[in-house]
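# Turn this into a structure:
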Amino acid sequence: MTPTLALLEWLDWTIVGLYAAVVVFVAWRANRRERTSAQFLLAGGKLPGWVVAASLLATSFSSISLVSLPSMGYLRGLGFLQLWVGELLAAAIVVALFVPAYRRAGVTTAYQLLEQRLGRTSRRVASFLFILFTWLRSSMLLLLTARAVEVFSGLPLADSILLVGLIAMTYSAVGGLGAVVWTDVIQLGLVIVGLGGAAWLLLDGLPGGIGAVFTKNSAEAGRPIVDVSLSLKAWPTLLSGSLAYAVPLLYVSGTNQQMVQRYAACRDAASARRAVLGAWGLGLGVGALALFLGAALFAREGAGYAPPDRELLTWLVHHAPLGVGGVMAAAIFAAAMSSVDSAVHALATSTLVDGIEAARGEPLPDRQRLRWARGLVLAYGLMATGGALLLVGWARGETVFQKLVDWLALFSGPGLALFLLALSRRRPREPAVLLGMLFGFAAAAWLGRVWGQAPAWFDRSAVSGIWKAPFGLVVSVGAAWVLSPLLLGGKRPPEASPTSSEQT
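Just a heads-up that it's a prediction; the model follows:
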């Protein structure tokens, strides 16, 4: 394909350019106030709750959500709204359990709490899992954003990945967490405007209007909004969306450094709790709008319109009037940047605090700490770009969101078990907890048909992959408590008061 920018017109590219200029300017202004490592990593711990709520949603509502949720709405209808029941359950547990624990401990990373409660090995294991998963997710974000650039501009996919990766690395290194959070607010607003404009465009001229969308995606068409089936194979249902999906959501919102870093940056615990619940409410509205776009496209064009993750983009390229395509393209870039910058900052923070400084036994001098933080941000941006190039050709035939959920379900059960056991009043010994995680991961992999044969009486094909998460969680917790009395060499660490470095 010959590279060309004719698929979007001059006004579209002007809008994209203006968005980029505004975001970089805001990040640069915020960066002028971030002269210490504490300001760079935690924005001085003075962010208001409403700003953090918008940032939490912008972080989780990535280009994967912006592109894949309409695709899922197109392929399956509005049934994925049932997942927000699980999100509400996860948010309630985070507010009641995780936020108070982190605020009392005064930690910079979630994994410092594990060392206080269990031991250093637990901290290292959890930090490694976070780095591995977040690097994979960041690579997916860049890949999906590059797919949008490919559709909008006509550039080859590999060139699009390199272009997006360069922008992401440069942008992420401009400022610290304060810059990231404030630009997240702008980017979330742009995402909402883009989704709203696309919805207006799709409904314009659709016979029957909004009613036609619900009619053609009704239960009679096999695409119900609410599915009360008790089948473990069906996905999504009210059962799987409220219970099975709550486990990976709780793992992400309760233990992921991207989220915990924002809880620590709030003014107080009450602001952090308001931020969590506010992010859920905003997410429900934005997610419903994104799914509605896909359902409206299905009502308008029918099945088989374009490959997964490309349906809405393809339609906009061919039907959007001057300016609308530019707003949507800028919204996709905004969703990607708000997640990538958050990811690389969290990766840099965890590597610095849980890796370099933990091995050193004390924090680095502040200027050196700040230089390390900025350098690690650039390094992880480069790694995410390389990961996106490696993932080309992956996830063909299904949405990237579904692939991400599959991987998250595999790791989230054992990962969440580690934190829940650490926060329990009577904790198992650390060796038992870590062995329990291995058993839980093996059980989740077995249920997901990654390896091993099932007995004749148990049909694993009758169980949806999302159930790997609660299955791995239950096995991990159960194995830890069974093994703990047998491992007499391990000992429960005493309650530790946070050190000055952990309060940074």
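# which residues sit in contact with the residue most central in space within the chain?
For the chain, Ser60 is the residue whose C-alpha lies nearest the centre (CA atoms, centre = their mean; 4.0 Å). Ser60 makes contacts with 252-253, 279, 283, 339, as judged by CB atoms under 8 Å, 6 or more residues apart in numbering. Backbone N, C-alpha and C define where each C-beta goes, glycine included.
# got a pLDDT number for it?
Per-residue pLDDT puts Ser60 at 75.
# and the gap between it and Ser127?
According to CB to CB, to the nearest Å, Ser60 stands 20 Å off from Ser127.
# With Leu97 instead?
The value you get for Leu97 to Ser127, if CB to CB is used, is 20 Å.
# Just name the shakiest helix or strand of this protein by mean pLDDT.
helix 37-42 (a mean of 60; mean pLDDT, DSSP states H and E).
# Can you give the distance from the helix or strand just after it to the centre of its chain?
Sequence order places helix 49-60 as the next helix or strand after helix 37-42, per DSSP states H and E. When C-alpha coordinates are averaged (CA atoms, centre = their mean, to the nearest Å), helix 49-60 and its chain have centres 12 Å apart.
# Same question for stretch 115-133.
19 Å.
# Check stretch 463-475 too.
19 Å.
# Any buried residues in it, and which?
463-473, 475 (16 or more other CB atoms under 10 Å).
# That stretch - what's its average pLDDT?
91.
# go on, stretch 118-127?
In the prediction, stretch 118-127 has an average pLDDT of 92.
# So for that stretch, what gets flagged as buried?
Buried-residue list, stretch 118-127, by 16+ other CB under 10 Å: 118-119, 122-127.
# can you tell me which of the residues you listed are in helices?
Residues of these located in helices (DSSP state H): 122-127.
# For Glu150, state which of the residues you listed is nearest.
Comparing those against Glu150 with CB to CB places Ser127 closest, at 34.3 Å.
# what separates that closest one from Ser464, distance-wise?
Distance from Ser127 to Ser464, by CB to CB: 30 Å.
# cool, and Ser476?
Ser476 is 20 Å from Ser464, by CB to CB.
# Tell me who's in contact with Ala479.
Neighbours of Ala479 in contact, by CB under 8 Å, 6+ apart: 432, 435-436, 439-440.
# Can I get the helix or strand containing it in CSV, CA atoms only?
Applying DSSP H and E as the criterion places Ala479 in helix 468-483. Taking C-alpha atoms only, helix 468-483 is exported to CSV below (Å, rounded to 0.1, in the frame of the first residue of the first chain):
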residue,chain,number,x,y,z
LYS,A,468,-10.0,-19.2,35.3
ALA,A,469,-9.8,-16.1,37.5
PRO,A,470,-11.9,-17.2,40.5
PHE,A,471,-10.8,-20.8,40.1
GLY,A,472,-7.1,-19.8,40.4
LEU,A,473,-8.0,-17.5,43.4
VAL,A,474,-9.8,-20.3,45.3
VAL,A,475,-7.0,-22.9,44.7
SER,A,476,-4.3,-20.4,45.6
VAL,A,477,-5.9,-19.4,48.9
GLY,A,478,-6.9,-23.0,49.8
ALA,A,479,-3.5,-24.4,49.0
ALA,A,480,-1.7,-21.6,51.1
TRP,A,481,-3.7,-22.4,54.2
VAL,A,482,-3.3,-26.2,53.8
LEU,A,483,0.4,-25.9,53.3
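# so who does Phe439 touch?
So, once contact is read as CB under 8 Å, 6+ apart, Phe439 ends up touching 475-476, 479.
# Please repeat the previous calculation with a cut-off of 10 Å.
414, 417, 472, 475-476, 478-480, 482-483 (CB atoms under 10 Å, 6 or more residues apart in numbering).
# Let me have those in a markdown table, adding distance to Leu404 as columns.
Shown next, in a markdown table, are the contacts of Phe439 (distance: CB to CB, whole Å):
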| residue | distance to Leu404 |
| --- | --- |
| Pro414 | 18 |
| Ala417 | 21 |
| Gly472 | 17 |
| Val475 | 23 |
| Ser476 | 21 |
| Gly478 | 27 |
| Ala479 | 27 |
| Ala480 | 27 |
| Val482 | 32 |
| Leu483 | 31 |
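# Out of these, flag the one nearest to Val67.
Proximity of the contacts of Phe439 to Val67 (CB to CB) peaks at Gly472, which lies at 28.3 Å.
# And the closest one, how close does it get to Phe439?
Gly472 is 9 Å from Phe439, by CB to CB.
# hey, what's in contact with both of the two?
Counting by CB under 10 Å, 6+ apart, the contacts common to Gly472 and Phe439 are 414, 417.
# Count the neighbours of Ile225 for me.
Applying other CB atoms under 10 Å, we find 16 residues neighbouring Ile225.
# Can you report how many residues neighbour the nearest residue to it once chain neighbours are set aside?
Nearest non-adjacent residue to Ile225, counting by CB to CB, 6 or more residues apart in numbering: Leu78, 4.7 Å away. For Leu78, the tally of surrounding residues (other CB under 10 Å) stands at 21.
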